[in-house]
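> show me how the following folds:
(chains A and B, ligands or ions: 1)
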Amino acid sequence: MSVTERLGLVDMDGFREDVRAFLSTSLTAEMREAADRQAGIYADPDLARDWHLTLYQKGWITPSWPVAYGGTGWTAAQRLTFEVECAAANAPVLPAMGLQMCGPVLIGHGTDEQKARFLPRIRSAEDYWCQGYSEPGAGSDLASLRCRAVRDGDDYVVNGTKIWTTHAQFANWVFLLVRTSSEGPQQAGITFLLAPMDSPGLTVTPIISMSGEHEVNQLFFDNVRVPVALRVGAENNGWEVAKYLLQFERGGAAAGGRPLRLLRSISALMQDAAGEPEHVVHSPQFRRRLTLLEIELSATMWTQRRALSAVASGDPMGVTASSILKLKATEMTQMASELALEALGPFASVDQSVAAVGPVAGRSVAARYLNMRAVSIFGGSSEVQRTILGKELLRR
Amino acid sequence: MSDAQESRAILKDMLRRMLSNRQGEGDMMARWRQLRDELGLLAAPLPEARGGLGGGFADSALIAEELGCWLMPVPFVATSVIAIGLFDALSREDLSDQVVSGDILPVPALMEDGRVMRVRPTATMLREEDGVLRLRGRKELVEDVDMASHLLVPACADRSGEPLLLLLPAALPGMGWSRYRLLDGREAATVVFDDITIAPDAVIGRGEADWQRFEAVLDRAMVATCAEALGLMRAMLGQTVDYVKQRRQFGKTIASFQVVQHRLADMLIEVEQAASVTAMAVQALPDPIAASTAKARTSQALRFVAQNAVQLHGGIGTTEELALSRYFKRAMLLETQYGSAEQHLARVERLREVERSLIG
Ligand SMILES: Cc1cc2nc3c(=O)[nH]c(=O)nc-3n(C[C@H](O)[C@H](O)[C@H](O)COP(=O)(O)OP(=O)(O)OC[C@H]3O[C@@H](n4cnc5c(N)ncnc54)[C@H](O)[C@@H]3O)c2cc1C
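Next up, the predicted model:
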């Protein structure tokens, strides 16, 4: 039984087989190998673009969008099947900023004009989006953000800074939260804007991660003019728009996606160690921890499946489910990255960015372990998720 | 205070002063020379008669902990604990003196396969024919090769299979080097011995008894590594405490959140437990069970403390710019150095079995 079969997702009209057939022909060996080398949160732009366009041509790039905007009309179960199959086949991880964040926000809150202008370009990969929420002083406490926008005729004039902006160096658009009012509760003075990255006065400074990679950036806005037509939702209503998006960020994708991909690399390392009986991967202790992780993965995928069927029957994806899924996805990802580190052994000490050393399957293991420290920090830290869960439970 | 205690306090103080000055940080060899020649770091753990402070291995542990605390990954364990330890154990004080004076800088070349931490050689073969010695084999992950003058190479005799300990000049003709960098920025290499000729006096140890001496030296290296790890942990905990007291979210310091306080408490508990197993092992050496107990427990603590230090720093904790990231990567190395937690747990289990069967 495969992972998706055990998920108990009904294979309507041979859907799973269709997905597999597609993956086996369209996801080339080169793409899979390139995906193996990726250590970051998202695939590098070139690889991501190849895979994005492949899915686009097939009509499968935005399965979760409404059919009218290019969705596939799949059931929630089919969408999950698709995602899990992609992960199991080691498809590149596509950046979520356009497909899973900005797109859905525009569908939910954008004007007809905005939808017509931006949605097709997200689908066709003509635009590359980045997310400008966090600021140096506003991380977990996002609502305290201070980047200011002041109305001047048909424009907003934006001043301030955004930080941790993933892939801003590749993006041509940013969606951002700005402060338009200091009155009332903090949440009530926030506005959601879209801005071209080549706007005069907008500069991008790289931040290097401890893996040595360049994934995140700081943005500086110096009197950047953003047309009012690029506002999403009403002025001072940006928090509502953002909250909607956070739901997608936390519960939208397959929670098992990253762990599944990492498990693949652990299997590869285990194969590599097959001829070495003293290798740690052959110890019962290692096997047991791997099994525990796989069990957690099954449980989590079923949690997601149950949450999705609640959505299908008309209930919104609850706060509870999305926080549990975010926490579990995070913990499993980090555990898998640790097991991979141990499965590689002493070679994990090598900085592979300078020279490739040791088994091929181990090349991105250390960098991944380093990069995956961030998954329990971004998109609502683990501490914040547990606070949400506790509050929700006590509120009932 | 006894004389020995006093000189140790002075050493610690001087060490701190020298290490807290981060100038010229990039040049590890210069820093090492300074520590060796100005501070006499290599002489310190020797007996008083040889210019040491008389504290023996306890002083090595003290020095290693300070080096960890200040993130100074100089080859102290490789030279002081392993090279000098082995030379002394083989009654080759003449070689030890050369290490102390800086005339030679030997680094151990232990692993035949970089996927497993196994020291006992099976594929590094020395062939003796008509008085000519020829060596074949390879060693992975030999550290500090940019600074080393010599390699300390475990090998085995091709006929008898008996273990050998070789001290080879690092620049012998026929040695193949592929160099790379480690996560903590130091240089390492895979060294290939392609049937190279070595001098007869390169064989400094031979047979089971010498091998046992070498294993005892490695146990000490393990414990010194625990002490360095302890220094790293203390520093990471200190940095985290400072940070959470200053970082504000939701109108207060993040230190005011109980979750954060509890996490700090758990980190402290780990640091203290690691300090305890390390102190125990320092005292119990040459007991191999104590050494492996310390390495297993300290490696676990190190991972926990490093991960949570980053977590409590939030986004800034994941950046290269913060010193914490360098501590984190050094911690990744020390976790597996001379064997991971998993391997040492297995060794403790094995040795305990033997102990029980002896008592039984
Ligand atoms: C690799 C990476 C990529 C990112 N990409 C983006 C992006 O593309 N766009 C974007 O806008 N942002 C992005 N972020 C930012 C991310 O969302 C923030 O880092 C996150 O919100 C945490 O904020 P902070 O870093 O300021 O940490 P802080 O909020 O300062 O948190 C520090 C620590 O305090 C804890 N803490 C904070 N508040 C509480 C509380 N109330 N109770 C208990 N504990 C608490 C946290 O859990 C954490 O452990 C990214 C971050 C990283 C690391």
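
> which residues are in contact with the residue of the stretch 1-150 of chain B found nearest the ligand?
Going by Cβ to the nearest ligand atom, the ligand is nearest to B:Leu71 of the stretch 1-150 of chain B, at 22.3 Å. The way it works is simple: take the backbone N, C-alpha and C, and place the C-beta from them, glycine included. By Cβ atoms under 8 Å, 6 or more residues apart in numbering or on different chains, the contact list for B:Leu71 reads B:232, B:235, B:323, B:326-327, B:330.

> same thing but 6 Å
Applying Cβ atoms under 6 Å, 6 or more residues apart in numbering or on different chains to B:Leu71 gives the contacts B:326-327.

> wait, a helix at it?
No: counting by DSSP: H, G, I helix; E, B strand; the rest coil, B:Leu71 is not found in a helix; it is coil.

> and the helix or strand containing A:Asn217, anywhere near the ligand?
According to DSSP states H and E, A:Asn217 maps onto strand A:214-227. Yes: Strand A:214-227 is in contact with the ligand by Cβ under 6 Å from any ligand atom, via A:215-216.

> pull out the buried residues from that strand.
A:215-221, A:224-226 (16 or more other Cβ atoms under 10 Å in any protein chain shown).

> just checking: what are the partner strands of the following helix or strand past that strand?
Moving toward the C-terminus from strand A:214-227, the next helix or strand (DSSP H and E) is strand A:231-232. Sheet pairing of strand A:231-232 (DSSP bridges) gives strand A:190-196 (antiparallel).

> related to what we said a few turns ago, report the angle between the strand holding A:Asn217 and strand A:190-196.
Strand A:214-227 and strand A:190-196 are oriented at 100 degrees to each other (axes from the mean of the first three to the mean of the last three Cα atoms, to 10 degrees).

> contacts for strand A:214-227, please.
In contact with strand A:214-227 (Cβ under 6 Å, 6+ apart) are residues A:40, A:155-166, A:168-169, A:193, A:195, A:199, A:201-209.

> 7 Å instead?
Under the criterion Cβ atoms under 7 Å, 6 or more residues apart in numbering or on different chains, residues A:40-41, A:132, A:147, A:154-169, A:193, A:195, A:199, A:201-209 lie in contact with strand A:214-227.

> ok, now stretch A:359-368?
Contact with stretch A:359-368 is made by A:37-39, A:211, A:213, A:265, A:268-269, A:272, A:337, A:340-341, A:344, A:347-348, A:352, A:356, B:115, B:183, as judged by Cβ under 7 Å, 6+ apart.

> quick one, what contacts A:Ala336?
By Cβ under 7 Å, 6+ apart, the neighbours of A:Ala336 are A:259, A:262-263, A:266, A:293.

> by mean pLDDT, point me to the weakest helix or strand of the chain.
Picking chain A for this. In chain A, no helix or strand scores lower on mean pLDDT, DSSP states H and E than helix A:3-6, which sits at a mean of 63.

> sec struct for B:Glu128, please.
Under three-state DSSP, B:Glu128 falls in the strand class.

> what about the residue nearest to it when sequence neighbours are not counted, neighbour count?
Of all residues not flanking B:Glu128 in the chain, B:Ala157 sits nearest, at 7.1 Å (Cβ to Cβ, 6 or more residues apart in numbering or on different chains). Look at B:Ala157: counted by other Cβ atoms under 10 Å in any protein chain shown, it has 17 neighbours.

> do the same with B:Val77
So B:Val77, with other Cβ under 10 Å, has 28 neighbours.

> any weak-confidence spans in the chain?
Looking at chain A here, since you left the chain open. Applying pLDDT under 70 to chain A picks out residues A:1-12, A:246-252, A:311-317.

> wrong chain, I was asking about chain B
Along chain B, segments meeting pLDDT under 70 span B:1, B:24-25, B:360.

> re earlier: closest one of the contacts of A:Ala336 to the ligand?
Nearest member of the contacts of A:Ala336 to the ligand, counting by Cβ to the nearest ligand atom, is A:Leu262, at 16.8 Å.

> what's near enough to touch the closest one?
A:333, A:336-337, A:340.

> how does it look with 8 Å?
A:333, A:336-337, A:339-340, A:368.

> can you add secondary structure and give those back as CSV?
Converted to CSV, those look like this (three-state DSSP):
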residue, secondary structure
A:Thr333, helix
A:Ala336, helix
A:Ser337, helix
A:Leu339, helix
A:Ala340, helix
A:Arg368, helix
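
> who wins for most neighbours among these?
A:Ala336 (27 neighbours).

> how near is that one to B:Val107?
Distance, A:Ala336 to B:Val107, using Cβ to Cβ, to the nearest Å: 34 Å.
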